[in-house]
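Colleague: Provided below for reference: sequence and predicted model.
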Amino acid sequence: MDSQYLWRLAIKICGALVLFFLIAPILAIIPLSFNSSSILSYPLEGFSTEWYAKLFVDDRWWNAIRNSLIVAAATVAIATPLGTFAAVGLSKVTFRGKPLVVAALMSPMIVPTIITAVGIYFMFSKLGLANSLTGLVLAHVALAVPFVVITVSASVAQLDPVLLRAASSLGAGAVTSFRVVTLPLILPGVISGAIFAFTTSFDEVVVAVLLTGPEQRTLPRELLSGTRENLDPSVMAIATLLVLFSTALLLVFNAIQNRSRKLRD
Amino acid sequence: MKKVLHWAALATLTAIPTAGIARDLTVVSWGGIFQDAQRTVFFDPFKAESGLPLAEDSWDGGVGALRSKAEGGDANTWDVIEVEGDELAIGCEEGFLQVLDPAKLGGIEKYLPGTASDCGIPANIYSMVMAYDTKVFTDGPKNWADFWDLKKFPGKRAMRQGPKMNLEFALMADGVPQADVYKVLATPEGVDRAFAKLDELKPSIVWWTSGNQPMQLLGSGEVAMTTTYHTRVGNSNKTDGTQFKLTYDGSMFLVDSWVVMKDSPHLDNAYKLLEFMSRPAVQVKWPEQLGGGVGVTEAQTMLDPALAESLPSAPENVAVSLPLDVPFWIANIDALNTRFAAWSGN
Amino acid sequence: MILPVVIYLFAVFFVPIGGMLGLAVRDDELAEVMPLTVTEIAKWDGAGLPGPTAFEAVARDLTTAANARTAGTPARRLSYDDPALRGVISTTARGLKGEFAEGTDWTTRLPELDPAWGQPAVWTAIDRAAGPYSDFFVLAALDLRRDAAGSLHFAPDESRLYLDVLARTLKIAASVTAICLILALPAAYLLKSVSTGTQGLLMIVLLLPLWTSLLVRSAAWMVILQKNGIINNVLLKIGIIDAPLELVFNRTGVLIALSHILLPYAVLPVLGAMRNVSATQTLAASSLGAGPVRTFFSVYLPQIVPGISAAGLLVFILALGYYITPLLLGGPGDQLLPFYIAFNTTQTVNWGLAAALGSILLLATLLLYGVYVKLVGADRIGLG
């Protein structure tokens, strides 16, 4: 074995350890949610589903899940069309200062959430929008839009301009050609963007901390209280459910991406 | 296209319940098992009797939190709140708490002397004590000097974040007699002395903010000792089978009050809730839950004598504890909060 | 078609942030409750004590405020300047409550109510807070204050905080960036060199943390790092340590959890860069006899430097803004700037200071973002 090989092998082993570091903490909590003891450590004492049973009878978690779903669905419904139009629009025009506009559109992703949250809190308190789900949705849309723009832009970039020209030469107006040609082709990007918008809202906690009252507590907000005040296996149970949910979303997302890649090739 | 967008936005917006407009009467307390107990004794029976909806929130104290609620205008969602003594006095003076009409609450004389005031009626009588795990220390700490003694009792300490009570404990640990604590603390040198004493312990302190955390920290072995509300200790032993022990020696004696936010849209219902909670027949059930004391004189006499003796309000416990000096904290809370934030953050 | 999103972000993102920047320099709380005083103090030359009309204005304003229970506002605003002044205003307002006593000699009456009125300190504080605009909060966010003569000084030691916080924020962000880059290199190399099928699987491993709720990840680290947590239990059992390590509620916990959270953001750009490296060059280098380490440093590394710098910058920018993770896993000495922004927004309700701190954080972020955009190109942001 030459040194080159050993060197590469060593790097790969390090790489594998790093990936283990990434995934292990998330997987480690899953067995703890089935532990019969309330002590959050290994070895496990026995198998039990009592913590899940506890979740199912607790209104607090159900309300939180319901609020989170409402907010995330509304965020998707607004952010997806907004971001899609912006992405399609951006692909069609070139103008001086376009990079600046793009950078500005992306900035909600970069600006620390606490700043967005505080700014919105100061403004919404005056408008009576604090402590309402509406206020939370409006804020989440701003945070989610850049993700939609990015994913849809990636799809739009793959569009064959010949198709659009063909459509318009066949007499299709702008709206028709968007509906019949562009939209079906960029649909995977739009769906991916919608998934991103959903997770952005579904996981968001900083704005939720500032902007929600007792009746609008979202799941991350409830999880924050749970983690700070009462880190017990039922928090692990809800965390496990969330991990499964996000894994499912990720797999769906991956499948869409792969399919659209295959279609293009 | 814009039209589509417009309708999509409108449709989603109208689909969202605008909770900000018609919110329910909201009662705010200290969360966790403490609030669970209040729910059992006060909130649920109130809902059942009055038929009124009642929402709950929890908080971790602080005049600032109340101010920001008051100044948030529409953003304020709190109506009835359990506050500590200095929050009651400052809130009343700054005018963001409702001045209560004693006639609607059975008159001042219904309550233990000194517990009812312009803006509040007593909610809970309790102590801030030190607690430890008897499985870790069989012969545990007896006083604050022991709490500070890292050699004799190794391990971390959990204390409530903020200067209130910790400065008092630090002075007691530094040998100041209980009776002189506030005399010393009233001088700049006394404050320096308290912070210097806290400095000794600082690397070993884990700060807690919500009342559930101390038992959590003690139970997980994260800390060896903690300051805690006395009510939490008995509950943890009862429900989680822990063997924690508390000592009333050098503890701080406190009265929390129910207050109502000024401009509450639910003032009438807030009075109904306060009136319900201060009925002797309701109050008498409170100490059975967590061992908190009651502020209604008549309820006090109805208690089981054995239970009454274990409460912080029992004479032998009162004798060894220090009542929180509310005027001192009103005058100094902002300055000491600022100093504490700078001290703990560095 | 771009217009709706531009309008939306303008209304719900840029306007609120602009409003926050405005709050950092607006200072009109005192003037709202003490309008007469503010008018009178403007006529004062700053030497000695102001004239009798200023004393009378204070008395009138505070009488009104005491009766309306609004004296708390000026008391609080002045306490930002000097905590002792809160007591001065409260005591005076209590003394003045009721009918305004016309014809009183207020230059003697006010100092009777509180001797501070006989000293210039309270008057200069009122002068500084007269508004409507001032640099008070921005200076406070940098631990600076103006004295009566207008020159700048550092705040007294025991109340100095924010410069340290700023330095700490930068330091933690830099440490996290370094850790992430060191870990990202082997991970990206592994991802690049495995077969397509395995790569798909490993990509899921890499991306799953990003898709998992931030709170789940933070809670997981709490469980793992606690004194009786998984790591300590395992290490104790196999006898590597004989006392549990302190891994949480301190800097260690914050660094571990933040690095874990930001690592995927570092791996992706590095991976992108590695994919563009031509294999022939490295082969050529090693066939010319260069050792593996030398090949790496002289041939491989220079080609992926753009990817590494993009990754580093992105991680650094994102690390500056974390609030929840340090809150759960750190102690008071490990909180970043965002914590103090939230703290001053909801706890002390010093919105001016919160806004000033926010402006500093925003400025730092935008500067770095500008560099990042230049580096990767505007159309490739986030696509890495």
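Modeller: Good, I have the coordinates. Everything numeric here is computed off the predicted structure, so don't read it as measured data.

Colleague: convert the C-alpha atoms of the longest strand along chain B to CSV, please.
Modeller: In chain B, assigned by DSSP state E, the strand with the most residues is strand B:244-260. Extracted C-alpha coordinates of strand B:244-260, given in CSV (Å, rounded to 0.1, in the frame of the first residue of the first chain):
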residue,chain,number,x,y,z
PHE,B,244,-34.2,16.2,48.0
LYS,B,245,-34.0,18.2,51.2
LEU,B,246,-34.5,21.9,51.9
THR,B,247,-33.6,24.1,54.7
TYR,B,248,-35.6,27.2,55.9
ASP,B,249,-32.5,28.6,57.6
GLY,B,250,-31.6,31.8,55.9
SER,B,251,-34.4,31.5,53.4
MET,B,252,-36.3,34.4,52.0
PHE,B,253,-39.9,34.8,52.8
LEU,B,254,-42.0,36.1,49.9
VAL,B,255,-45.6,37.0,49.1
ASP,B,256,-46.7,36.9,45.5
SER,B,257,-49.8,38.8,44.4
TRP,B,258,-52.5,38.6,41.8
VAL,B,259,-52.6,41.8,39.7
VAL,B,260,-54.6,43.0,36.7
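
Colleague: helix or strand right after it?
Modeller: The helix or strand immediately downstream of strand B:244-260 is helix B:267-277, counting by DSSP states H and E.

Colleague: got the buried residues for that following helix?
Modeller: Across helix B:267-277, burial judged by 16 or more other C-beta atoms under 10 Å in any protein chain shown covers B:Asn269, B:Ala270, B:Tyr271, B:Lys272, B:Leu273, B:Leu274, B:Phe276, B:Met277. (Glycine included, C-beta is placed from N, CA and C.)

Colleague: what is the mean pLDDT for the longest strand of chain B?
Modeller: Here strand B:244-260 scores 92 as its mean pLDDT.

Colleague: got it, and stretch C:48-64?
Modeller: On average, stretch C:48-64 scores 87.

Colleague: remind me what the lowest-mean-pLDDT helix or strand in chain A packs against, helices and strands.
Modeller: Of all helical and strand segments in chain A, the minimum by mean pLDDT, DSSP states H and E falls on helix A:161-169, at a mean of 77. Counting contacts by 3 or more C-beta pairs under 8 Å, 6 or more residues apart in numbering or on different chains; DSSP states H and E, helix A:161-169 packs against helix A:174-177.

Colleague: right, is stretch B:258-274 up against chain A?
Modeller: No: figure legend: stretch B:258-274 not in contact with chain A (C-beta under 8 Å from any C-beta of the partner chain); closest approach 12.6 Å.

Colleague: which residues are in contact with that stretch?
Modeller: The contact list for stretch B:258-274, computed with C-beta atoms under 8 Å, 6 or more residues apart in numbering or on different chains, reads B:24-27, B:42, B:46, B:50, B:52, B:54, B:66, B:69-70, B:76, B:78-83, B:88, B:91-92, B:95-98, B:100-101, B:104-105, B:119-123, B:277.

Colleague: report the buried members of those.
Modeller: B:24-27, B:42, B:46, B:54, B:66, B:69-70, B:76, B:78-83, B:88, B:91-92, B:95-98, B:100, B:105, B:119-123, B:277.

Colleague: which of those residues are close to chain C?
Modeller: Subset of these in contact with chain C: B:Gly95, B:Phe96, counting by C-beta under 8 Å from any C-beta.

Colleague: what about the buried ones among the contacts of stretch B:258-274, which are in strands?
Modeller: Per DSSP E, the subset of the buried ones among the contacts of stretch B:258-274 in strands is B:Leu25, B:Thr26, B:Val27, B:Leu54, B:Val80, B:Ile81, B:Glu82, B:Val83, B:Ile121, B:Pro122, B:Ala123.

Colleague: which residues pair with the third one across the strands?
Modeller: Beta-bridge pairing for B:Val27 (DSSP bridges): B:Glu56, B:Val80.

Colleague: where does the stretch 51-200 of chain C come near chain A, residue by residue?
Modeller: C:Leu183, C:Ala184, C:Leu185, C:Pro186, C:Ala187, C:Ala188, C:Tyr189, C:Leu190, C:Leu191, C:Ser193, C:Gly200.

Colleague: which strand or helix spans the third one?
Modeller: If I follow you right, that is C:Leu185. Judged by DSSP H and E, C:Leu185 forms part of helix C:162-193.

Colleague: who does that helix touch, helix- and strand-wise?
Modeller: Helix C:162-193 packs on helix A:3-32, helix C:196-211, helix C:251-275, helix C:301-320, helix C:337-342, helix C:351-376, going by 3+ C-beta pairs under 8 Å, 6+ apart.

Colleague: now do the second one: distance to the chain's middle.
Modeller: Relative to its chain's centre, helix C:196-211 lies at 33 Å (C-alpha atoms, centre = their mean, to the nearest Å).

Colleague: next helix or strand past that helix?
Modeller: helix C:214-225.

Colleague: by contact count, what packs against that following helix?
Modeller: Using 3+ C-beta pairs under 8 Å, 6+ apart, helix C:214-225 sits against helix A:3-32, helix A:219-229, helix A:233-264, helix C:230-237, helix C:251-275, helix C:324-329.

Colleague: could those helices go into CSV alongside distance to C:Phe13, mean pLDDT and mean neighbour count?
Modeller: As requested, those are exported to CSV (distance: least, C-beta to C-beta, whole Å; pLDDT from 0 to 100; neighbours: other C-beta atoms under 10 Å in any protein chain shown):
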stretch, distance to C:Phe13, mean pLDDT, mean neighbour count
helix A:3-32, 31, 90, 17
helix A:219-229, 20, 86, 22
helix A:233-264, 25, 87, 17
helix C:230-237, 41, 88, 17
helix C:251-275, 22, 93, 23
helix C:324-329, 21, 93, 23
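
Colleague: out of those, nearest to C:Gly87?
Modeller: Smallest distance to C:Gly87 across the helices and strands packed on helix C:214-225 (C-beta to C-beta): 32.1 Å, for helix C:324-329.

Colleague: touching chain A at all, that closest one?
Modeller: Yes: contact of helix C:324-329 with chain A (C-beta under 8 Å from any C-beta) involves C:Ile324, C:Leu328.

Colleague: then that helix to PDB, C-alphas only?
Modeller: This file holds the C-alpha atoms of helix C:324-329, laid out as PDB (Å, rounded to 0.1, in the frame of the first residue of the first chain):
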ATOM      1  CA  ILE C 324     -31.700  30.100  20.700                       C
ATOM      2  CA  THR C 325     -28.800  27.600  20.700                       C
ATOM      3  CA  PRO C 326     -26.500  29.600  23.000                       C
ATOM      4  CA  LEU C 327     -29.500  30.400  25.200                       C
ATOM      5  CA  LEU C 328     -30.100  26.600  25.700                       C
ATOM      6  CA  LEU C 329     -26.500  25.400  25.900                       C
END
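
Colleague: that helix: how far from the chain's middle?
Modeller: Mean-position distance between helix C:324-329 and its chain equals 14 Å (C-alpha atoms, centre = their mean).

Colleague: with stretch B:236-254 instead?
Modeller: For stretch B:236-254, the distance from its own C-alpha centre to the chain's C-alpha centre is 16 Å (C-alpha atoms, centre = their mean).
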